[in-house]
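>>> Model the structure of this input:
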Amino acid sequence: MANKIDGHIYIEDLVELVPQSIEILMKYGIACIKCGAPIWGTLGENIKRVGLSEKQFSLILTEINSFTQDI
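Residues are numbered from 1 along each chain as shown. Now for the predicted structure:
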């Protein structure tokens, strides 16, 4: 995948493209459609909604992007 996942991706697109992200989102308390919660919006919006720091945001992106090399 040429472009890495960033905070502008919609949650529903993220979990479709990177199914492994579900576990990561759950670990940080970010609801996602596959988790049973009807959450819309971007990854960045939802990270802000739960009050995570910029450092945590960066960690989440790093963890998610570790799975994107196979996309």
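
>>> ok, K27 to S21 distance?
10 Å (Cβ to Cβ, to the nearest Å). The way it works is simple: take the backbone N, C-alpha and C, and place the C-beta from them, glycine included.

>>> where do the helices sit along this protein?
11-17, 21-27, 43-49, 54-65 (DSSP state H).

>>> what comes up buried for the second one?
When burial is assessed from 16 or more other Cβ atoms under 10 Å, helix 21-27 yields the following buried residues: S21, I22, I24, L25.

>>> In the residues you listed, find the pair that's most separated.
Spatial extent of the buried residues of helix 21-27 (Cβ to Cβ) is set by the pair I22 and I24 at 7.3 Å.

>>> Figure out which of the helices of the chain is closest to K4.
helix 54-65 (4.8 Å).

>>> What mean pLDDT does the closest one get?
For helix 54-65, mean pLDDT is 95.

>>> from the chain's centre, how far out does that helix sit?
9 Å (Cα atoms, centre = their mean, to the nearest Å).

>>> Can I get that helix in CSV? Just the C-alpha atoms.
In CSV, the C-alpha atoms belonging to helix 54-65 read as follows (Å, rounded to 0.1, in the frame of the first residue of the first chain):
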residue,chain,number,x,y,z
GLU,A,54,-1.2,12.9,20.5
LYS,A,55,1.4,10.3,21.7
GLN,A,56,-1.3,7.7,22.0
PHE,A,57,-2.6,8.7,18.5
SER,A,58,0.8,8.2,17.1
LEU,A,59,1.1,4.8,18.8
ILE,A,60,-2.2,3.7,17.4
LEU,A,61,-1.2,4.7,13.8
THR,A,62,2.1,2.9,14.2
GLU,A,63,0.4,-0.3,15.4
ILE,A,64,-2.2,-0.2,12.6
ASN,A,65,0.4,0.6,9.9
